[in-house]
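K.L.:
Mind looking at a prediction? Sequence and model below.
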Amino acid sequence: QQQVKQSPQSLIVQKGGISIINCAYENTAFDYFPWYQQFPGKGPALLIAIRPDVSEKKEGRFTISFNKSAKQFSLHIMDSQPGDSATYFCAASKEGAGGTSYGKLTFGQGTILTVHP
Amino acid sequence: KAGVTQTPRYLIKTRGQQVTLSCSPISGHRSVSWYQQTPGQGLQFLFEYFSETQRNKGNFPGRFSGRQFSNSRSEMNVSTLELGDSALYLCASSRLRYDNEQFFGPGTRLTVL
């Protein structure tokens, strides 16, 4: 059973536009929500992460919005650039001690972002 | 500070063989997790090690195993390889005992013929 659903599967935006990727989770025990960026031939790179005690976190052009009641979170990329073209993954986990929580990130299926110049 | 390193980067094996992949975490990181990435299944958690102990395991058959050494370096082994084991195998490390802020290596691309 997929526990983190990500949409859209692919996204095309123009340079300077806003890219928005959405994720929904099922497990209410999740308390850590990172986003990863992956370029072809590379491993995923941690982009930004949020914990449920805040509703929004911004780092440069990247913003996470978090809605705990709806069990949804999203990534907004402002002023999108061709260099942002990559695959983006949302993920969720439960931190702290506990049998199934150690080191396990549950990933969404990924969004292929293409930014046209 | 050097990132997570994985060796080898590419590997070609035939069905029935076994393979060992290696991961060196970021200096000071003691937790190592392994993931399998395929186009169809995406990123799936294999197992996690901390202080040489496996603390968590994903839903993979027993052919997949791992271990961690006292210097936090980790290896994973896949025995009796199947065509479906072709994937990118990723290692990630975390600094804290109960922290899932993970940093990934470049992965090992395994092709099973």
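P.N.:
Cool, got the structure.
K.L.:
can you tell me if stretch B:9-26 touches chain A.
P.N.:
No: applying CB under 8 Å from any CB of the partner chain, one finds stretch B:9-26 out of contact with chain A, separated by at least 9.4 Å. For the C-beta atoms, the positions are set from N, CA and C on the backbone; glycine is no exception.
K.L.:
Show me the beta-bridge partners of residue 19.
P.N.:
Looking at chain A here, since you left the chain open. On the basis of DSSP bridges, A:Ser19 is bridged to A:Ile77.
K.L.:
Chain B is the one I meant
P.N.:
With DSSP bridges as the criterion, B:Val19 is bridged to B:Val78.
K.L.:
How about the residue nearest the centre of chain B: what's its closest non-neighbour residue?
P.N.:
Computing the C-alpha centroid of chain B and ranking residues by CA atoms, centre = their mean puts B:Trp34 first, at 3.4 Å. The shortest distance from B:Trp34 to any residue other than its chain neighbours is 4.1 Å, reached at B:Leu46 (CB to CB, 6 or more residues apart in numbering or on different chains).
K.L.:
Report how many residues lie close to the one you found.
P.N.:
B:Leu46 is flanked by 23 other residues according to other CB atoms under 10 Å in any protein chain shown.
K.L.:
do the same with A:Gln37
P.N.:
The local packing count at A:Gln37 equals 19, with neighbours defined by other CB under 10 Å.
K.L.:
can you check B:Arg97 too?
P.N.:
Going by other CB under 10 Å, the residues that sit close to B:Arg97 add up to 13.
K.L.:
same deal with B:Gly58?
P.N.:
The burial metric for B:Gly58, expressed as a neighbour count using other CB under 10 Å, is 18.
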